[in-house]
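> Predicted structure and sequence below. I'll ask about it afterward.
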Amino acid sequence: MTLSNMTKSTFAALMGLGLAVVAPANAQTTEPSDEGLASASLADGQALKAIRLLEAELKAHPDDPALHINLGIALAQAGNEEKARGHFETALASREVLELDTADGRTTDSRRLARQAIAMLERGDFRPVTSQPGKLTLRD
């Protein structure tokens, strides 16, 4: 890819729990729409809505690693870790590697982000924190 055939539009791969919203440094001209990337739904914790949007967008862009990462996140948040892992692995194996600028100014690529997502999945970082009924929390 060259800069001459890139656009400046952005898409997000939200990696909650320690990873920031990212935007590609260079995106193809046939990229998914902002809504299709479901970043707002992911940021709002609406995993099921994000899954619907991302699955529809993947029909038009089946090889987009950012879509696979976002869908993996949404599936993990919804509790389907096996399918989430499959999408993270698809992004990791993608022939297309996207350079991503993180919200804190760092640059990373889609493969590195996919590896981080798999590690987070293995640690259980996407699982919701549940409180146990009947247990009290004491404050100092």
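Thanks, I have it. Numbers count the residues shown, from 1 in each chain.
> show me where this protein has helices.
Under the criterion DSSP state H, the chain carries helices at the ranges 39-43, 47-60, 65-77, 81-93, 110-123.
> any idea how far residue 107 lies from residue 60?
Distance, residue 107 to residue 60, by CB to CB, to the nearest Å: 27 Å. For the C-beta atoms, the positions are set from N, CA and C on the backbone; glycine is no exception.
> which ones are touching residue 36?
For residue 36, the contacting residues are 53, 54, 56, 57, 60, 61, 67, taking CB atoms under 8 Å, 6 or more residues apart in numbering as the criterion.
> what do you get if the cut-off is 6 Å, keeping everything else the same?
When contacts are counted by CB atoms under 6 Å, 6 or more residues apart in numbering, residue 36 touches residue 57.
> Per-residue pLDDT of it, please?
What the model reports as pLDDT for residue 36 is 70.
> now it: how far from residue 127?
Going from residue 36 to residue 127 by CB to CB gives 26 Å.
> shouldn't residue 98 be in contact with residue 110?
Yes: Residue 98 lies in contact with residue 110 (CB atoms under 6 Å); the separation is 4.3 Å.
> higher neighbour count, these two?
Summary of the neighbour comparison: residue 98 and residue 110, criterion other CB atoms under 10 Å, with residue 98 having more neighbours (26 against 23).
> burial count for the residue lying closest to residue 115 once chain neighbours are set aside?
Closest residue to residue 115 apart from its sequence neighbours, by CB to CB, 6 or more residues apart in numbering: residue 92 at 6.3 Å. Number of residues near residue 92 (other CB under 10 Å) recorded here: 19.
> do residue 31 as well
21.
> Thanks a lot, see you next time.
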